[in-house]
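Undergrad: got a predicted model here, sequence first, then my questions.
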Number of protein chains: 2
Amino acid sequence: MRAVFQQELAEVQDRLVEIAELVLDSIRDATTAFNAADVALADKVIAADPNIDELAVELDELAIEILYRQNPVARDLRIVVSALRMSASLERMGDLARHIAQLARRRYPDHVAPEALRDTFTQMTAHDIRIAELLAQLLRTQDVELADQLINGDDAVDTLHASVFATVLGAEWQGEAEQTVDVTLASRFLERFGDHAASIAKKVQYLATGEWVPEEA
Amino acid sequence: MRAVFQQELAEVQDRLVEIAELVLDSIRDATTAFNAADVALADKVIAADPNIDELAVELDELAIEILYRQNPVARDLRIVVSALRMSASLERMGDLARHIAQLARRRYPDHVAPEALRDTFTQMTAHDIRIAELLAQLLRTQDVELADQLINGDDAVDTLHASVFATVLGAEWQGEAEQTVDVTLASRFLERFGDHAASIAKKVQYLATGEWVPEEA
């Protein structure tokens, strides 16, 4: 019984890694589509998103089944409950990648971002790809140092997000309302992406160090 | 033991209702602050948000403690797991109310929305208040008809959200970039608010009708 349970916990972890890797593919493709006005890549991301949603639902079902059959306690219980939270965050990260791809699709053959903001968005999207890479690695290795990086690394994206607004609100901004809307939304989506990763990282850190269940020996 | 457990489940439900009622206060005050450029109300919402966050964390701790001590099965297990999900959604709804209040605060003494969009935002904010009222009532009564209303009622906000963009992108739009950014974000926040409520409503519906745990007798 115990061996079966350990195997099920490993299965939960494997599935989190699998979804995180799909989210990494999506954000990589979505941001490339966004920066390079590549509509084929944008379509690929949009088509792939329902699969991420479906895998997140299946993972939830597995986690609930484990709670149901195994009555886990202490750290095991925390792992299963955390998985439910993490799957929700990963699913949202997939949605955000899809939103970025949808912006790219809507403006094609134009670029979403005007020249003045391309460099900022290139930095911001590179950060999000790095965040998704770290997150997949964190879920694979459970290395809390990676969790620290993800929790603190968030600041860089926040700074870039603020600078997009500074540009759009600056005296030199020549963008049409359409571009102002698009870059506002894109910047918001890219910023939220990092927030969700930080939230997952906090849960991994919690599992390694936390006092979630006060009675735990 | 069973009586204690039933009492704990009732406590979980009471706390969800309590948080939903605080979210209702926040969205009501935030949207009034937004529509009427009332900075005192905006400050009230911003100051109240940490309390909502804290109550959501405490509810999570209670739910995890129940999982730990009571090993609930079947429907009871689903109620406790759902509570974890719902608390996360309620907390995000509180954050969105705070974001609306922060927009109002930043533009004070000006209004965030220009004349041309006031009426649309008044309708949109009235919808969000109605959504928050229905949600608190749903959590109090567990009436699945209210869940249906919340799941379908979402469309009205989506339509208004699309019409904000249509206005901003229309030929007559005279707004500065600053206003374009603000109304884009405000519209997005107000739209997401309803999405979270629909997500909670789906979980209540699921609990009433669903087959979350396949083995359930």
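TA: Yes, it's here. Please read all numbers here as calculations on a predicted model, not as lab measurements. Residues are numbered from 1 along each chain as shown, chains lettered A, B, ... in the order given.

Undergrad: check the secondary structure at residue A:112 for me.
TA: coil (DSSP: H, G, I helix; E, B strand; the rest coil).

Undergrad: my read: it touches residue A:182, true?
TA: Yes. Counting by Cβ atoms under 8 Å, residue A:112 does reach residue A:182; the two are 5.0 Å apart. Backbone N, C-alpha and C define where each C-beta goes, glycine included.

Undergrad: what touches both of those two?
TA: Both residue A:112 and residue A:182 are contacted by residue A:103, under the criterion Cβ atoms under 8 Å, 6 or more residues apart in numbering or on different chains.

Undergrad: mind listing what's buried in the host helix or strand of residue A:13?
TA: Using DSSP states H and E, the element containing residue A:13 is helix A:2-36. Using 16 or more other Cβ atoms under 10 Å in any protein chain shown as the burial criterion, the residues of helix A:2-36 that qualify are A:8-9, A:12, A:15-35.

Undergrad: which residues of chain A lie near chain B?
TA: Residues of chain A lying close to chain B (Cβ under 8 Å from any Cβ of the partner chain) are A:61, A:64-65, A:67-69, A:71, A:73-74, A:77-78, A:81, A:84-85, A:88, A:165, A:168-169, A:173, A:175, A:177-178, A:180-181, A:184-185, A:188, A:212-215.

Undergrad: swap the cut-off to 7 Å and go again
TA: A:64-65, A:67-68, A:71, A:73, A:77, A:81, A:84, A:88, A:165, A:168-169, A:173, A:175, A:177-178, A:180-181, A:184-185, A:188, A:212-213, A:215 (Cβ under 7 Å from any Cβ of the partner chain).

Undergrad: in helices only, show me these.
TA: Under the assignment DSSP state H, these contribute A:64-65, A:67-68, A:77, A:81, A:84, A:88, A:165, A:168, A:177-178, A:180-181, A:184-185, A:188 to helices.

Undergrad: report the central residue of chain A.
TA: Most central in chain A under Cα atoms, centre = their mean is residue A:93, positioned 3.5 Å from the mean C-alpha point.

Undergrad: pLDDT score for it?
TA: Residue A:93 is assigned 97 on the pLDDT scale.

Undergrad: list the residues that contact it.
TA: Neighbour list for residue A:93: A:23, A:193, A:196, A:197 [criterion: Cβ atoms under 7 Å, 6 or more residues apart in numbering or on different chains].

Undergrad: so for the helix or strand of chain A with the lowest mean pLDDT, what gets flagged as buried?
TA: Every helix and strand in chain A was compared by mean pLDDT, DSSP states H and E; the lowest is helix A:144-168, with a mean of 90. For helix A:144-168, the neighbour count (16+ other Cβ under 10 Å) marks A:146-147, A:149-151, A:153-154, A:156-157, A:160-161, A:164-165, A:167-168 as buried.

Undergrad: same question for stretch A:167-175.
TA: Applying 16+ other Cβ under 10 Å to stretch A:167-175 flags A:167, A:168, A:173, A:175 as buried.

Undergrad: returning to that earlier point: emit the PyMOL select command for whichever of the residues of chain A next to chain B are buried.
TA: Per 16+ other Cβ under 10 Å, the buried members of the residues of chain A next to chain B correspond to this PyMOL selection:
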select buried, chain A and resi 64+65+67+68+71+73+77+81+84+88+165+168+173+175+177+178+180+181+184+185+188+212+213
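
Undergrad: residue ranges with poor pLDDT in chain A?
TA: A:1, A:154, A:210-217 (pLDDT under 70).

Undergrad: residue A:194 is in contact with residue A:92, correct?
TA: No. Residue A:92 is beyond contact range of residue A:194, at 11.9 Å (criterion: Cβ atoms under 7 Å).
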